[in-house]
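> Give me a 3D structure for the following:
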Amino acid sequence: MLDANHRPRSGLRSAGSEMTWSTGSEIWRYAPGDVQPELVHSMDGPFEVIDVARSARGYAFTERNHRNGAWRLSWLADGASEPIVVDHGVAAGALAPTIAIDDRRLAWAGFDEPDAGALSFLRVVDLEAPTAVRELLSLPIADGLLWYPVLDGGTLWFAIIHADFEGTGKGDEFHLETIALGDAGARPRRFAGVANDFEPAVSPTNVAWKTVEPGLAALTWGEVHILDRDTGETRRVPLPNLNHPSLGRRFLAFDEISRHRLLLFDLARGEVLEVPGPRDGSDTTFSGASLAGDLWTFIIGTDDGPRIGWARLPE
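This is a model prediction of the structure:
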């Protein structure tokens, strides 16, 4: 565990070589082997940092003003003294955009409320020109709600919800789609998946995602499925009520509904592993799991507040 002085408020993520998180007004990083975590950036004002994403070139982060619903997305390149605002908007009834980053691009999906009516969008920039925003999709919210982009080389994965706003009783329909980034005229393609697919996680060897039962909301707990990209075989993690899958080299991480078990799925052996927690006691909880490469991070809930836990996983 990291020292109790470093408590996460939001945005704890593994970037493989290091982890990042927010305290609300500050962004922090820590790489295993460092003596202490390092303050990356701090800010004043009504905005609170919601999420942080790290690539080898810098940090992207979203902020939200909870008083009026305004949001902004910023980029802080390594070596820069101040961030650049890449995008901004207002979404009083929604969350800040969900973001993805690699060493070439930054992508985000979110909501805005211009005078013409509320919309959902999917946008991307090349990190060489972080203010040259390219809009891939823009939909009235009645036509789709866009979430959770994932960069996969020249392909962008994302989830789309067709909400049952009229209350027909059928419930929402949601699935995953991909779009080619190198073709300006490319249209999205639907991923076959299972049904009611949401929240993709992608690695060079696997694709993972969550499904939920018909009639339940996309953000609720469900089952996690894994596609082997070489063989085309699909399998399911043999546990119910999971959320937020993330893929590393050998393992799959996720949150589990009871929050009292620290679990991983071993992709090589095809089995669930329960990992001894760093603290004993029935009041200890685990959440916010994030895995990239072999660096696994999670939030440990203790009687004196949240702590950051991490582990290097075997290959």
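
> what number of residues lie near the nearest residue to His260 once chain neighbours are set aside?
Closest residue in space to His260, ignoring its immediate chain neighbours: Thr285 at 6.2 Å, by CB to CB, 6 or more residues apart in numbering. C-beta coordinates here come from the backbone N, C-alpha and C atoms, glycine included. Using other CB atoms under 10 Å, Thr285 has 17 other residues around it.

> swap in Ser287?
Neighbouring residues of Ser287 were enumerated by other CB under 10 Å; the total is 15.

> State the pLDDT value of it.
Looking at Ser287, its pLDDT reads 96.

> how many other residues sit next to Glu135?
For Glu135, the count of nearby residues is 10 (other CB under 10 Å).

> May I have the phi/psi pair for the residue nearest to His260?
The phi/psi pair for Thr285 (degrees, to the nearest 10) reads phi -130, psi 160.

> Contact partners for Ser25?
Ser42, Met43, Asp44, Glu48, Val49 (CB atoms under 8 Å, 6 or more residues apart in numbering).

> now do the same end-to-end measure for stretch 245-253.
End-to-end span of stretch 245-253 (CA to CA, to the nearest Å): 6 Å.

> neighbouring contacts of it?
For stretch 245-253, the surrounding residues in contact (CB under 8 Å, 6+ apart) are 14, 199, 201-203, 206, 208-210, 224, 226, 237, 254, 264-268, 289-296, 298, 313-315.

> And those, which of them are buried?
For the contacts of stretch 245-253, a burial check counting by 16 or more other CB atoms under 10 Å picks out 14, 199, 201-203, 206, 208-210, 224, 226, 237, 254, 264-265, 267, 289-296, 298, 313.

> re the thing from before, who's the residue nearest to His260 bridged to?
The residues listed as beta-bridge partners of Thr285 by DSSP bridges are Gly301.

> who are the neighbours in contact with it?
For Thr285, the set of contacting residues under the criterion of CB under 8 Å, 6+ apart consists of Arg259, His260, Ile300, Gly301.

> Looking at those residues, which is nearest Ala4?
Distances from the contacts of Thr285 to Ala4 were compared by CB to CB; the smallest belongs to Ile300, at 10.5 Å.

> That closest one and Arg307 touch, don't they?
Yes. Counting by CB atoms under 8 Å, Arg307 is a contact partner of Ile300 at 4.5 Å.

> shared neighbours, these two?
Any residue near both Ile300 and Arg307 by CB under 8 Å, 6+ apart counts here, and that gives Met1.

> List the buried residues of stretch 39-53.
Of the residues in stretch 39-53, those scored as buried under the neighbour-count criterion (16+ other CB under 10 Å) are Val40, His41, Met43, Phe47, Glu48, Val49, Ile50, Asp51, Val52, Ala53.

> Over to stretch 231-239?
Neighbour counts over stretch 231-239 (16+ other CB under 10 Å) mark Val237 as buried.

> which other residues reach it?
Outside of stretch 231-239, the residues within contact range by CB under 8 Å, 6+ apart are 194, 223-228, 252, 254, 256, 263, 265, 270, 272.

> CA atoms only for that stretch, dumped as PDB, please.
Extracted C-alpha coordinates of stretch 231-239, given in PDB (Å, rounded to 0.1, in the frame of the first residue of the first chain):
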ATOM      1  CA  THR A 231      -8.300 -18.300 -32.000                       C
ATOM      2  CA  GLY A 232     -11.600 -16.500 -32.000                       C
ATOM      3  CA  GLU A 233     -12.600 -18.400 -28.900                       C
ATOM      4  CA  THR A 234     -14.900 -16.700 -26.400                       C
ATOM      5  CA  ARG A 235     -15.100 -17.600 -22.700                       C
ATOM      6  CA  ARG A 236     -16.700 -16.200 -19.600                       C
ATOM      7  CA  VAL A 237     -15.200 -15.400 -16.200                       C
ATOM      8  CA  PRO A 238     -17.100 -18.000 -14.000                       C
ATOM      9  CA  LEU A 239     -18.400 -15.400 -11.500                       C
END
